[in-house]
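next comes the sequence, and after it the predicted model I'd like to discuss.
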Amino acid sequence: MRNTMLIAGKEFRSYFASPIFYVVTAVFLVITGFFFALSVTRPAADASIRDLVSVSQFILWFIIPALTMRLFAEEQKLGTMEMLLTAPVRDTEVVLGKYLASLGVLLAMLLPTAYFPALLYWFGSPDSGPILSGYLGLILMGGALLTVGLFASSLTSNQIIAFVVGAGIILVLLFIDAVGGLPGANPPVFVQRLVAIFQYASIRTHLADLSRGVIDTRDIVYYVVLAAAGLFLTVRSLETRRWR
Amino acid sequence: MPPEEPTAKPPAPPEPAGAGSLLEFARGLSPVLALGGVAALIVAGVIQLVFADLSLYAFIVLGIGAALLLAATAISFDAVKEALVGRRGRYGLNTIIMVSAFLGLAIIANFLAGQYNRRFDITTGRQFTLARGTVTTLAALKSDIQVTGFFAPDTNALDAALKGPAEDLLAAYQRVTPHIKYRSVDYQVRPQELARYALNQSPPVLVFETPERVQPVFGRVSEAGLPQFVEQDLTGAILVATGAKLKRVYFTTGHGERDITDAGDLSPGYGLIRRGVEGDNYQVQTLALATAKEVPPDASVLVIAGPKSPFLPAEIQVLDAYLRRPGRALVLVDQETPEELLALLKTWSIAVEKGTIADPSRFVNPNITDVVPLPSGHPVVARLDTVFLPRAVALLPASEKLAAALAACQQGSLADVNGSLFQLCPLLVTTPNSWLEKDPSQTPPKFEAGKDARGPFAVAMAGIVFGPPEGAGRGAATNQDKPTQIVVVGGTDFAANANRGLNNPQLFLNAVNWLAEQEHLIDVPQKPGGLRRLILSPEAASWIQWSSPLLLPALVLALGALNWWRRR
Amino acid sequence: MIEAKGLTKHYGDFIAIEDVTFKAEKGEVLGFLGPNGAGKTTTMRILTGYIPATSGDAKVAGYDILTQSLEARQHLGYLPETVPLYTDMTVREYLRFVGKLHGLANGKVEKRSGQVIDICRLGDYRDTTIGKLSKGFRQRVGIAQAIIHEPDVLILDEPTIGIDPRQVVETRGLIKSLGGEHTVILSTHILPEVSMVCGRVIIINEGRVVAMDRPENLSNRLGGASRIVMDVRGPDREIVQTISKVEGVKAVHGENLGGRQRYTVEFRPGKDLREELARLVVNRGWGLLALEAQGLSLEEIFLKLTTREEL
Ligand SMILES: Nc1ncnc2c1ncn2[C@@H]1O[C@H](COP(=O)(O)OP(=O)(O)OP(=O)(O)O)[C@@H](O)[C@H]1O
Ligand SMILES: [Mg+2]
């Protein structure tokens, strides 16, 4: 635990020391702000952040790997991986520490977006339920996707490759439900069930309920399990170095 | 099938010169075989897990996978042995097993989560929770209902927009009952399926079907302008398809009552209220009193919505006979209500005092006569937040004696007046600051002692009467039978299409439900769609437009620059 | 303290090290000597558990580096070939981080980082961002991070590279003083460094250990004694007897090359025996196939050893 927090703290600080964080956050805020403004300045717009949430999931597609690409790739490039892996810390502690740091950074990135619901409360009276669950959804989803990015970063010493691989996996996870459109009308029953599975596997389908104010334990389990799987695979990926 | 099947041949340990190249070829093939084998095993697992009814195929695929793996092992035995027994092999296998086990656990966790999920609707008004009426309807289902959704999401943007929410809603139904079967059909690809139903409106449509009946449901136009599939419609269709008889609500016509066919957004018509009533699973009909000998026996509720022209004595007779049946009526009155009707109401214990109520304590800007009365604890208004009544008139007990009926309401008892039992409950009351303005020309209205009467006033009342209104004779009092129930609202504009904001429609629907004894539907609060609209002044809009995408990023970049400068 | 048995590392088909076996006792300073690409770094990486050996085992402080990796690492201080530095941290932040990573308590970390900063003469740069340090200072930070937690076993991959001569002397002194309490393995190309610092040397070439001894022994063996290598066809026993009798010969080692024998003749330096031995062999009627003298300096020995010749 001490090691985890030690690594998390170090990693968290180094995020704020690097320009990447500021640039990525600024990009995130520009895009979300733009779509938010668009969605609420329409005539008779809904006083909600639903559009903000659904846009965010697509922005997170490239924001997340941009945040995580350096976590392990840079250690490999700098050669510090050699120190980290020969220090008396468990691989799990290293992975968890880095994950917590990136999660903290994600929260720090989401924090300024509180300005948007604040505007809603200022100029109208939005329903607080969907706002809370929307943020819960973004954090859960972001938390799960961070582990995907983390895993991608553990595979290579090249940050660009880590980014591309991470974004690729996330893209698949986002749009895997699109296979539902392939079989055409009236597919056989087992194809329908397969499609249902792909739909279940998609990240987007699990944000739908949360973004409109319904908290389903299913969605929470999905995201938590996805995060656990990402962390588990990352630990295994580090571990393979010790015997590969 | 190619005749030469190198995989089938057992490996020949001493390599004859001729067979050497063949064995080489087989060696090159073995990774492919192994990969195919693993893939087959996974597919078999998926089939077994997901399609329990196809487990025969699962075993076949499993067999194929095992055979492929065996073949691969046989061909390159040394490599396999090295991979399994060597250090890397051991660790690699260990990792593969761990990862597979973990993925298996992950799948099981998700599967269980899907089976035993709980949902928490944290929106105000529980927008996404099925109404209790829906749940009881679904729970009572005994046989399957086939629901077919006709959508062409690939070619039609509207279909694409409606399909998801409609299926969400049906999924919520399916969580309650196993009897709803759903499939979707692209009507562009298979028009013949749609043609089978010969519908008179174009898709998207959900068709509810039992062996006996077919009931289509189309999207309802919502405030935002987009049609939507609405829970009430779906539940209604289930009721119809299963042959449940819907209660009927009759609206009288012929005296300038509000038009229930006029659904105009800003009109004084009652088209939208009528849809609300239908949405609560009533069948709505009109009743021309002048030609009717009686109110039809299947009437659950009779609505008299703001008549303006006089009633014939015969019509009053029909109404009175209906109320004595005993019947249930919702009467909306205002300044222009004809005297004949008011007289009838008076015999049924409620008197109407004409004039317009002004309430400086609770009114809707800018009109002091559009009052916002306070709801009492009565079930009809118990869950309403805010209702506003434009140009309300006051309601009073018809006689001194009936004042006891008001008191009875507070005690939850009945007052015996000449052998009939009465209860009179004010539903909505104005404040003591209000007064009844008798001079309509006064703008703004001003209280003039002596001319105008001081409040508080009841502006909506619910009356219960056991026995004939004139009294059944001393000692005849009994409350065994069903009572006559009347709700009178001292206003007609409140339920007009144009005034559907706040809880206005809900007041009307609650009254209907109370009269029809469908109180469980009263529990369904109106889903506040229109209440969350964001109305922005031009300044506010442009502030949001500019500050949202620019202000925050600028701040963050400034912070970054500061940080960089400090570190330098 | 360190025990390597039959370490072999393959990179695909390429064999980086093969059958490397050695031991280092507590308090010993062991030098790894070898040309570029010999496999020094590879061996050290295996010892620290950073990469796995293809076969063979290694133990550090009694713990198997593969199966008890964490315990082994708890006794380890390691300076990799590329100094592992977080360029965005200051020297002090970095040392603190590494110290805590090795389990030092908060108070202890403060004390120790102060000490190693003094030891490695980093005082003027304690609050400088590492990215702005020169190569030599980075190397010093690398040494500092390896010793901050006072490990039982210290593995240093080319520790003095890039450091100025004065500091090199100090660093060597430091390493020497660390021996005794700690076990140190260091790799280097610098020959004098070996004789100055190390109690024992392992010379490694193309992945194989070609010599392992105390430096002075090596010098004696290689520089102090001279030797002649000759290939002869004839009766083995007689040849050995004959050669052994020659005045000045200390020892004769023979090996059969199939149809001929190779003899390594060691003799006291000062006299060239080549003529005499050649005459002797020819006179006896044996076939003299080759004859070569070997009298080499340390550098020459190193070169010799590392150009595909067995000692
Ligand atoms: N990751 C790798 N993949 C393939 N070959 C490698 C890898 N790492 C090292 N080698 C090879 O293994 C051999 C030994 O390398 P090593 O780094 O151990 O040499 P060294 O003795 O440390 O050399 P130097 O004095 O240059 O540091 C070299 O030929 C090198 O090319
Ligand atoms: Mg090296």
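Arrived safely. Numbering: from 1, shown residues only, chains lettered A, B, ... in the order given. Ligands and ions are numbered 1, 2, ... in the order given.

every contact and neighbour count from this point should use C-alpha atoms.
OK.

does stretch B:554-568 come close to chain A?
Yes: using CA under 8 Å from any CA of the partner chain, stretch B:554-568 comes into contact with chain A via B:554, B:556, B:557, B:559, B:560, B:563, B:564.

tell me, how many neighbours does the first one end up with?
A count of nearby residues for residue B:554, using other CA atoms under 10 Å in any protein chain shown, gives 15.

how about the third one?
Neighbours of residue B:557 under the rule other CA under 10 Å: 19.

and if you look at the second one?
Residue B:556 has 21 neighbours, counted by other CA under 10 Å.

local confidence estimate at residue C:27?
The model reports residue C:27 with a pLDDT of 86.

in what helix or strand does it lie?
For residue C:27, there is no host helix or strand (DSSP states H and E).

for residue C:174, see how far away it is.
Distance, residue C:27 to residue C:174, by CA to CA, to the nearest Å: 14 Å.

quick one: residues contacting the closest residue to chain C within chain A.
Nearest residue of chain A to chain C, counting by CA to the nearest CA: residue A:80, 4.1 Å away. Residue A:80 makes contact with C:83, C:84, C:85, C:86 under the criterion CA atoms under 8 Å, 6 or more residues apart in numbering or on different chains.

in the stretch 151-300 of chain C, which spans are strands?
In order along the chain, the stretch 151-300 of chain C carries the following strands (DSSP state E, counting those that start in this stretch): C:153-157, C:183-188, C:200-205, C:208-213, C:226-233, C:249-256, C:261-267, C:287-294.

sorry, wrong one. I was asking about the stretch 51-200 of chain B.
B:119-121, B:145-150, B:180-185.

these into CSV, with extra columns for mean neighbour count and distance to ligand 1?
As requested, those are arranged in CSV below (neighbours: other CA atoms under 10 Å in any protein chain shown; distance: least, CA to the nearest ligand atom, whole Å):
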stretch, mean neighbour count, distance to ligand 1
strand B:119-121, 16, 52
strand B:145-150, 22, 59
strand B:180-185, 18, 55
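
out of these, the one nearest chain A is which?
strand B:119-121 (4.3 Å).

bridging residues for residue C:264?
residue C:229, residue C:253 (DSSP bridges).

spit out the contact partners of it.
Per CA under 8 Å, 6+ apart, neighbours of residue C:264: C:227, C:228, C:229, C:230, C:252, C:253, C:254.

so, low pLDDT: which residues of the chain?
Since no chain was named, I'll use chain A. Along chain A, segments meeting pLDDT under 70 span A:42-46, A:180-190, A:192, A:244.

think we crossed wires, I meant chain B
In the predicted model of chain B, residues B:1-28, B:49-54, B:78-85, B:125-127, B:220-227, B:365-366, B:473-480, B:518-535 satisfy pLDDT under 70.

any idea how far residue C:200 lies from chain B?
Separation of residue C:200 from chain B (CA to the nearest CA, to the nearest Å): 32 Å.

out of the strands of the stretch 51-200 of chain B, nearest to chain C?
Short answer: strand B:119-121, nearest of the strands of the stretch 51-200 of chain B by CA to the nearest CA, at 43.3 Å.

quick one: the closest one to chain centroid distance?
15 Å (CA atoms, centre = their mean, to the nearest Å).

partners of that strand in the sheet?
strand A:214-216 (antiparallel).

helix or strand right after the partner strand?
By DSSP H and E, the next helix or strand past strand A:214-216 is helix A:217-240.

domain parsing for chain C?
Here the domain parsing of chain C from automatic domain parsing is C:2-220, C:225-294.

among these, which is the most enclosed?
domain C:2-220 (a mean of 20; mean count of other CA atoms under 10 Å in any protein chain shown).

now do that domain: distance to the chain's middle.
With CA atoms, centre = their mean, you get 12 Å for domain C:2-220.

give me the residue from chain B nearest ligand 1.
Proximity of chain B to ligand 1 (CA to the nearest ligand atom) peaks at residue B:88, 16.4 Å away.

hang on, that residue packs against residue A:242?
No: between residue B:88 and residue A:242 there is no contact, the gap being 10.0 Å when judged by CA atoms under 8 Å.

buried residues, whichever strand or helix holds residue A:52. List them.
Element membership for residue A:52 (DSSP H and E) is helix A:50-78. For helix A:50-78, the neighbour count (16 or more other CA atoms under 10 Å in any protein chain shown) marks A:50-54, A:56-57, A:59-76, A:78 as buried.

other SSEs contacting that helix?
Under the contact criterion of 3 or more CA pairs under 8 Å, 6 or more residues apart in numbering or on different chains; DSSP states H and E, helix A:50-78 touches helix A:19-40, helix A:80-86, helix A:91-110, helix A:128-154, helix A:159-175, helix A:203-212.

ok, now with 6 Å
Secondary-structure packing of helix A:50-78 (3 or more CA pairs under 6 Å, 6 or more residues apart in numbering or on different chains; DSSP states H and E): helix A:128-154, helix A:159-175.

adding distance to residue C:106, write those out as CSV.
Shown next, in CSV, are these (distance: least, CA to CA, whole Å):
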stretch, distance to residue C:106
helix A:128-154, 29
helix A:159-175, 33
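
quickly compare the ones you listed and say which is most buried.
helix A:128-154 (a mean of 25).

if I've got this straight, residue B:413 is in a helix?
No: checked against DSSP: H, G, I helix; E, B strand; the rest coil, residue B:413 lies outside a helix; its state is coil.

not counting its neighbours along the chain, what's nearest it?
residue B:423 (7.3 Å; CA to CA, 6 or more residues apart in numbering or on different chains).

state the distance from the nearest residue to residue C:227 once chain neighbours are set aside to residue C:273.
Using CA to CA, 6+ apart and skipping the chain neighbours, the partner closest in space to residue C:227 is residue C:266 (4.4 Å). Using CA to CA, residue C:266 is found at 10 Å from residue C:273.

got TSV for the helices and strands packed on helix A:50-78, with distance to chain C too?
Shown next, in TSV, are those (distance: least, CA to the nearest CA, whole Å):
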stretch	distance to chain C
helix A:128-154	15
helix A:159-175	16
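
can you list the domain ranges for chain B.
Split by automatic domain parsing, chain B gives B:26-115, B:132-237, B:245-523.

tell me the most buried of these?
domain B:245-523 (a mean of 20).

so how far is that domain off the chain centroid?
For domain B:245-523, the distance to the chain centre is 26 Å (CA atoms, centre = their mean).

ditto for stretch B:542-552
36 Å.

same check, this time on stretch C:260-270
With CA atoms, centre = their mean, you get 27 Å for stretch C:260-270.

let's see it as CSV, backbone CA atoms only.
C-alpha atoms of stretch C:260-270 as CSV (Å, rounded to 0.1, in the frame of the first residue of the first chain):
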residue,chain,number,x,y,z
ARG,C,260,48.4,-34.8,-32.8
GLN,C,261,48.7,-33.3,-29.4
ARG,C,262,48.8,-29.7,-28.2
TYR,C,263,51.1,-29.0,-25.4
THR,C,264,51.1,-25.9,-23.4
VAL,C,265,54.5,-25.5,-21.8
GLU,C,266,55.0,-23.1,-18.9
PHE,C,267,58.4,-22.0,-18.0
ARG,C,268,60.2,-19.5,-16.0
PRO,C,269,60.5,-16.2,-17.9
GLY,C,270,63.9,-14.9,-19.0
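
ok so, going back, can you add distance to residue C:134 and give the strands of the stretch 51-200 of chain B back as CSV?
CSV is the format used below for the strands of the stretch 51-200 of chain B (distance: least, CA to CA, whole Å):
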stretch, distance to residue C:134
strand B:119-121, 60
strand B:145-150, 72
strand B:180-185, 69
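
which of the contacts of residue C:264 scores worst on pLDDT?
Of all of those, residue C:227 carries the lowest confidence score, 72.

look up how far ligand 1 lies from that residue.
Distance, residue C:227 to ligand 1, by CA to the nearest ligand atom, to the nearest Å: 29 Å.

got a pLDDT number for the residue nearest to residue C:227?
Per-residue confidence at residue C:266 stands at 78 (pLDDT).

so who does it touch?
By CA atoms under 6 Å, 6 or more residues apart in numbering or on different chains, the contact list for residue C:266 reads C:226, C:227, C:249, C:250, C:251.

so what's the third one bridging to?
Which is residue C:249. The partner residues for residue C:249, given DSSP bridges, come to residue C:267.
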